[in-house]
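Visitor: Build me a model from this:
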Amino acid sequence: MDRHSHNHSHSFADSTNSTNDDDIADEHDEKAFLKCHPGFLSRQSRRAFLASAGAAAALGSNYAVSFLRGDSEEAKAETLLAADLIRNAGSIHILKATPQTCFWGFFDKTLPPVLTINSGDIVYIEALTHHAGDAPDLLMDAGVREVYEKVIDRGPGVHIMTGPISVRGAEPGDTLMVRILKTEPRLAYGSNIAAHWGYLYDTFKKERITIYKIDMAAAQAYPTFAYDFKGRPVYDRPGFITAPEPAARETIKTKVAIPLRPHFGVMGVAPNESGRINSIPPGSFGGNIDNWRIGAGATMYYPVFNKGANFFVGDSHMAQGDAELSGTAIEASMNGYLQIFVLKDFPITNPILETDTHWITHGFNQDLNKAMRQAADQMLDFLTTKRKMSADEAYSMISVGVDFGVTQVVDIRQGCHAAVPKHLFIPS
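Guide: Numbering: from 1, shown residues only. Model prediction:
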């Protein structure tokens, strides 16, 4: 497969394995840093944070400042340090979505990588929506159309993925840390469908598509028109294209503004299981988690099951509510800048999400009660192994201070998440 990458002219070191004195002056400084920043649970993630903050600042991300925890003087000092570190953060690669770099509807650990990077490298990556055919005049450009026309090996799932990306040094048992530095929509429209797999389909007994206009300046999306889907008995073909029919497009009567929550519905690593795996159900490798918090400024942690990890992205969304009730979010193609690290000192068994304010664990099961239990078990494990709490103390704190939510109920394996606020932990 073609490799689409561009390397800046600097020479870069592996940011996760370096132990230079410039990185961490001594053990005392490390302990002092962690005391002031209790959110950092590993020595490696602290260095990755600094490099990523510098990268976000260099990219002009509005979220760069939110990475910096502490008072204004401390934030200023760390910003200056991060600006220096960006020069050593890693090469910048460009991975465009093309017929050579996309796969559709499945995960397979034997897929060869289309790009190989070092830990700490930055990747500009394009993700395409599998709902571009809902309004091809608005949701397709030449690049999207080429993928639709030439990637004909699809299924059993529905999502278009870009990748895989192999990360040098990643081995089974490691953790892949993916910090989302910046996101931007590819086009100014997105699609939502009230689908036959939606939670209330038995009430509506039809499928309906609503097209949203994306206003990045206002950080909002506005429903523009809608139509009942009649192209097939049910919407069951990945990438189905509905020809524009102006007469069928009904103007939205109630004017609403939906706050944008740009995020990747699908991100993850090659699964441990062999064979072709449906892209719809999420799992321990990540995949179709559909948590709207996986956007710019957030960090995802994935357990590595295969050499190189073989990371991928897809199913980009412009906005979504918890539960994703009708069947989809606002599905729209999106570009992003990601910085990817290999962590050797942070073993996990299920995806973990870190935001500026929370640590979030996930549970997946066809039974929502069992998904809830898995999210709770994962949170208990996180608090006892990563925060070094006793099980009794953790269980009490979960009940009084941790919020649980329904991530989605439409992806075969339903999802729950548990969010523990970082401010609950008082520096000692």
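Visitor: And for residue 113, nearest residue in space, chain neighbours not counted?
Guide: Taking C-beta to C-beta, 6 or more residues apart in numbering as the measure, residue 113 lies nearest to residue 166, with 3.7 Å between them; neighbours along the chain are not counted. C-beta here means a position set from N, CA and C on the backbone, and glycine is covered the same way.
Visitor: For that neighbour, give its distance to residue 181.
Guide: From residue 166 over to residue 181 the distance is 20 Å, taken as C-beta to C-beta, to the nearest Å.
Visitor: Can you classify residue 247 as helix, strand or coil?
Guide: Following DSSP: H, G, I helix; E, B strand; the rest coil, residue 247 is assigned to helix.
Visitor: Could you do residue 379 as well?
Guide: Here residue 379 is helix, with the state taken from three-state DSSP.
Visitor: per-residue pLDDT, it?
Guide: According to the per-residue confidence, residue 379 scores 98 in pLDDT.
Visitor: Residue 154 now?
Guide: In the prediction, the pLDDT value recorded for residue 154 is 97.
Visitor: What of residue 287?
Guide: In this prediction, residue 287 carries a pLDDT score of 98.
Visitor: same deal with residue 65?
Guide: Residue 65 is given a pLDDT of 39.
Visitor: now residue 169
Guide: Among the per-residue scores, residue 169 shows a pLDDT of 98.
Visitor: you'd agree it is up against residue 341?
Guide: No: contact criterion C-beta atoms under 8 Å: residue 169 and residue 341 do not qualify, at 9.8 Å.
Visitor: Which residue of the two possesses the greater neighbour count?
Guide: It is residue 341, of residue 169 and residue 341, that has more neighbours when counted by other C-beta atoms under 10 Å, with 32 against 16.
Visitor: Which pLDDT does the model give that one?
Guide: According to the model's per-residue confidence, residue 341 sits at a pLDDT of 96.
Visitor: so it makes contact with residue 48?
Guide: Yes: Residue 341 sits in contact with residue 48 when judged by C-beta under 8 Å, with a separation of 4.5 Å.
Visitor: more crowded one of residue 166 and residue 181?
Guide: Counted by other C-beta under 10 Å, residue 166 and residue 181 do not tie: residue 181 has more neighbours, with 26 against 19.
Visitor: quick one, helices of the stretch 101-250 of the chain?
Guide: Using DSSP state H, counting those that start in this stretch, the helices of the stretch 101-250 of the chain run over 136-139, 142-150, 201-204.
Visitor: residue ranges with poor pLDDT in the stretch 51-200 of the chain?
Guide: Within the stretch 51-200 of the chain, the ranges that satisfy pLDDT under 70 run 54, 57-58, 60-90.
Visitor: Show me the strands in it, by range?
Guide: In the stretch 51-200 of the chain, the strands defined using DSSP state E, counting those that start in this stretch lie at 92-95, 102-104, 106-107, 115-117, 122-127, 160-167, 175-185, 189-194.
Visitor: Packing partners of the fourth one?
Guide: To tie it back to what came earlier, the one meant is strand 115-117. When contacts are defined as 3 or more C-beta pairs under 8 Å, 6 or more residues apart in numbering; DSSP states H and E, strand 115-117 sits against strand 92-95, strand 160-167.
Visitor: Next, the angle helix 142-150 makes with the longest one.
Guide: Note on geometry: by axes from the mean of the first three to the mean of the last three C-alpha atoms, to 10 degrees, strand 160-167 and helix 142-150 are set 100 degrees apart in direction.
Visitor: Identify the neighbouring strands of strand 160-167 in the sheet and state each direction.
Guide: Strands flanking strand 160-167 in the sheet, each with its direction: strand 102-104 (antiparallel), strand 115-117 (parallel), strand 311-319 (antiparallel) (DSSP bridges).
Visitor: what about the residue lying closest to residue 171 once chain neighbours are set aside, which SS state?
Guide: Closest residue to residue 171 in three dimensions, ignoring its sequence neighbours and counting by C-beta to C-beta, 6+ apart: residue 307, at 6.0 Å. State at residue 307, reduced to three classes by three-state DSSP: coil.
Visitor: Now do the contacts for residue 307.
Guide: Counting by C-beta atoms under 8 Å, 6 or more residues apart in numbering, residue 307 makes contact with 170, 171, 172.
Visitor: I figured the first one hits residue 308, correct?
Guide: Translated: residue 170. Yes: between residue 170 and residue 308 there is a contact under C-beta under 8 Å: 5.4 Å.
Visitor: Between the two, point out the one with more neighbours.
Guide: Shown here are residue 170 and residue 308; by other C-beta under 10 Å, residue 170 has more neighbours (26 against 21).
Visitor: The more buried one and residue 271: what is the separation?
Guide: With distances taken as C-beta to C-beta, residue 170 is found 14 Å from residue 271.
Visitor: what's the answer for residue 228, then?
Guide: Relative to residue 271, and taking C-beta to C-beta, residue 228 is found at 37 Å.
Visitor: quick one on the thing from earlier: of the contacts of residue 307, closest to residue 213?
Guide: For residue 213, the closest of the contacts of residue 307 turns out to be residue 170, at 40.0 Å, with distances computed as C-beta to C-beta.
Visitor: can you count the residues close to the closest residue to the closest one other than its chain neighbours?
Guide: Once flanking residues are discounted, residue 170 sits nearest to residue 309: 4.0 Å by C-beta to C-beta, 6+ apart. Neighbours of residue 309 under the rule other C-beta under 10 Å: 31.
Visitor: How about residue 373?
Guide: What residue 373 shows, counting by other C-beta under 10 Å, is a neighbour count of 14.
Visitor: quick one, what contacts it?
Guide: For residue 373, the contacting residues are 363, 365, by C-beta under 8 Å, 6+ apart.
Visitor: So it lies in a strand, does it not?
Guide: No: secondary structure assignment (three-state DSSP) places residue 373 in helix, not in a strand.
Visitor: how close does it get to residue 363?
Guide: Taking C-beta to C-beta, one finds residue 373 at 7 Å from residue 363.
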